[in-house]
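Undergrad: Here is the input, now give the coordinates:
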Amino acid sequence: MSYKLFWLIGSFLLLLAMGFYILLNPSYEKSFEAKYFYSLGRYDKSLSLAKDAFVLNNYNRMASTIMAQSKIALEYKQYIEQAKTYLSEINLLVRTENISDADRARMRMMSQIVIQGYVKLSSSVITDKSLVKEATHYRDEFIKINEKISTSI
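TA: Numbering: from 1, shown residues only. This is a model prediction of the structure:
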């Protein structure tokens, strides 16, 4: 019975020491902070902190993962912002009474850029689902716009 108690206490102390190491290590401290900012949707701050943590300890898997996921999230954010900009430009063009062939070609080009941009995005299991859903929504909208433009020409 004393051996079991010895191993139990030893295991507990080892886990406690590991926990203190992780919490007191500056690299992991920055990693946890980066994870916090990632969960808030502040991907640029998260990426910066994860890079700092990775520089402190390049074996820090948490920093590496958060850094990669923050880059992916920023790509999604950039894609969504571009889609919003193009959609507002297309809405301005559509409001005019006569849409010229040049305007149609411009709208088709913008829609194709957004559609092809979606293909270049890569997500993972950890990627924020709301970003993926919003990006998919804009891709679908631009597919519809592209089909309408193609049929009207």
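Undergrad: Give me the neighbour count for residue 129.
TA: By other CB atoms under 10 Å, 10 other residues sit near residue 129. No exception for glycine: its C-beta is placed from N, CA and C like everyone else's.
Undergrad: which stretches of the chain form strands?
TA: Remark: no strands are assigned in the chain by DSSP state E.
Undergrad: what's the single longest helix in it?
TA: Selection of the longest helix in the chain by residue count, based on DSSP state H, yields helix 61-95.
Undergrad: quick one: buried residues of that one?
TA: 62-67, 69-73, 75-77, 79-80, 83, 86-87, 90 (16 or more other CB atoms under 10 Å).
Undergrad: and if you look at stretch 13-27?
TA: Applying 16+ other CB under 10 Å to stretch 13-27 flags residue 27 as buried.
Undergrad: distance between that stretch and the chain's centre?
TA: 29 Å (CA atoms, centre = their mean, to the nearest Å).
Undergrad: With stretch 54-69 instead?
TA: The answer for stretch 54-69 is 16 Å, by CA atoms, centre = their mean.
Undergrad: Quick one: end-to-end length of that stretch, please.
TA: 14 Å (CA to CA, to the nearest Å).
Undergrad: residues near the nearest residue to residue 136 once chain neighbours are set aside, how many?
TA: Excluding its sequence neighbours, the residue lying closest to residue 136 (CB to CB, 6 or more residues apart in numbering) is residue 118, at 7.6 Å. Number of residues near residue 118 (other CB under 10 Å) recorded here: 17.
Undergrad: what do you get for residue 122?
TA: Residues lying near residue 122 (other CB under 10 Å) number 10.
Undergrad: ok so, going back, ok, the residue nearest to residue 136 - contacts?
TA: 79, 135-136, 138-139 (CB atoms under 8 Å, 6 or more residues apart in numbering).
Undergrad: Packing partners of the lowest-mean-pLDDT helix or strand in the chain?
TA: The weakest-scoring helix or strand in the chain, judged by mean pLDDT, DSSP states H and E, is helix 2-24 (a mean of 78). When contacts are defined as 3 or more CB pairs under 8 Å, 6 or more residues apart in numbering; DSSP states H and E, helix 2-24 packs onto helix 26-40.
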